[in-house]
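**Student:** from the sequence below, what's the structure:
(chains A and B)
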Amino acid sequence: MNSFSPGFQGRGRRMTDRLPPGQYPTEQFPVLSAGPTPNVPTETWAFTVTTETGETHSWTWDRMMALPQQETLHDIHCVTRWSKFDTRWRGVPLDAFFEDVETTADYVVVHSYGGYTTNLPLEDLLDGKAWIAHTYDGYPLSPEHGGPARLLVPHLYFWKSAKWVRGLQLTDEDEPGFWEGVGYHNYGDPWREQRNWGD
Amino acid sequence: MAIAWHRARLAARLPQTATARSLVFTVPGWPGHLPGQHVDVRLTADDGYQAVRSYSLAAPADGDRIELGVQTVPGGEVSPYLADDLPSGADVEVRGPLGNWFVWRPEQTEPVLLVAGGSGVVPLAAMIRAHRRVPSSNAFHLLYSVRTPDDVWYGDELAAPDGHLDVRIVYTRQAPSGSPRGAGRIAAADLAEPVTRLGATSPAYVCGPTGFVESVASLLVDMGRDPATIRTERFG
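**Tutor:** Sure thing, here's the model as predicted:
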């Protein structure tokens, strides 16, 4: 017996090895956004990597689509406690954008159309751990889910996978992004349940 | 310091609609919260299995009492238990307050637009109730979308005369008989009048199902509202 919630049975004891602590599985694809969905046409879309010395590397939509593409399957975990298994994406691994980038920076601030930002260590974006994703489940990524293109960093809570991505700023010092500045954990590992400051 | 789990005892359960409830808990050691914030609620089964969901706080901080709004999701794992089965006087655990973006602070002085879809009214109710405690403040304008007249939460409270709160309820499926506006989703015409009462930097808080929030936020942007003034909270 426990002293909480008498009579509660609950479901969802299956697949617990795939479910990080405190998460529940969903078949849906909920949306978390702080404001309106920006309208981002692919005709004017650009993705820019800016180094700590101010050097820039930019890709138009067509140049991005001409890079080697990957199909990739992941479980994703939102800090609002839903997890979704086997999500199927198509996009470009971040490594492809870094081939000609010279940097000694350890951190990245990700910038989005609409003003959203998020921060993470550069090493979490490289070696096949992150993508610029433009296709979800066989269809162009819809605007409310971050289309035309979003960052995909599936090993961290999904707020790190910035929607409407437009660039990366490499930094020597770690600088908190939008949610990280108002209470979300700076790193956000779902398996260590790093949801909020101090977790 | 990590946000702690607190023991929360069910003190009162009030029906809001046929499927929605207000739950009042006493939470010893509750640190207080801002209008618009939410909590995680954790249930534990006898075999140790736990389930956690987020619920919005429906009232401003009041000592160790917190009020949540629970809409039953048919077949849901947590909401039917909270809405109907958790015994009065029994305990759950809560963790919070959470969410430092979709908040209204009493020191904000501009007029405010609130747009609610269904149970999205819950965090906006906390803002309205907090706003009532502030003397001679600018008006709040609430545009509240529900399916039918039976789906209105906080009906008596929203109908009570209040010189600083302008309430418009729109019905998407079935309007009350004799209502000049027919049933239908919120359109630009519904937002036009309340928007004229806002200043350029006045905030709009939009909360409801994803499709509702997408639609209303886009309408507001199309009407010339600065996207940076529009704060959204979506569920489902």
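
**Student:** and residue B:197, how many neighbours does it have?
**Tutor:** The local packing of residue B:197 (other C-beta atoms under 10 Å in any protein chain shown) involves 15 other residues. Every C-beta, even on glycine, is put in place using the N, C-alpha and C of the backbone.

**Student:** thought it was touching residue B:141?
**Tutor:** Yes: taking contacts as C-beta atoms under 8 Å, residue B:197 lies within contact range of residue B:141: 5.8 Å.

**Student:** which neighbours do these two share?
**Tutor:** B:111, B:113, B:166 (C-beta atoms under 8 Å, 6 or more residues apart in numbering or on different chains).

**Student:** parallel or antiparallel, list what pairs with the helix or strand harbouring the last one.
**Tutor:** With the criterion set as DSSP states H and E, the secondary-structure element containing residue B:166 is strand B:165-171. Taking DSSP bridges as the criterion, strand B:165-171 pairs within the sheet with strand B:140-146 (parallel).

**Student:** who's in contact with whatever helix or strand comes next after the strand it pairs with?
**Tutor:** Where DSSP H and E defines the elements, the next helix or strand beyond strand B:140-146 is helix B:155-159. Here helix B:155-159 makes contact (C-beta under 8 Å, 6+ apart) with B:125, B:128, B:142, B:144, B:152, B:165, B:167, B:169.

**Student:** just to revisit the earlier point, out of the shared contacts of residue B:197 and residue B:141, which are buried?
**Tutor:** Buried members of the shared contacts of residue B:197 and residue B:141, scored by 16 or more other C-beta atoms under 10 Å in any protein chain shown, are B:111, B:113, B:166.

**Student:** in a strand, the second one, correct?
**Tutor:** Yes: per DSSP: H, G, I helix; E, B strand; the rest coil, residue B:113 lies within a strand segment.

**Student:** list the contacts of it.
**Tutor:** B:141, B:143, B:191, B:194, B:195, B:197, B:198, B:202, B:203, B:204, B:205.

**Student:** which of those are buried, as a ChimeraX select command?
**Tutor:** Command for ChimeraX, covering only those of the contacts of residue B:113 found buried under the criterion 16+ other C-beta under 10 Å:
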select /B:141,143,191,194,195,198,202,203,204,205
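
**Student:** can you tell me which of the contacts of residue B:113 end up in helices?
**Tutor:** Judged by DSSP state H, the contacts of residue B:113 include B:191, B:194, B:195 as members of helices.

**Student:** quick check, nearest of these to chain A?
**Tutor:** Nearest to chain A, judged by C-beta to the nearest C-beta, of the ones in helices among the contacts of residue B:113 is residue B:191 at 13.4 Å.

**Student:** so the residue nearest to the closest one when sequence neighbours are not counted is in which element?
**Tutor:** Of all residues not flanking residue B:191 in the chain, residue B:219 sits nearest, at 5.8 Å (C-beta to C-beta, 6 or more residues apart in numbering or on different chains). According to DSSP H and E, residue B:219 maps onto helix B:210-222.
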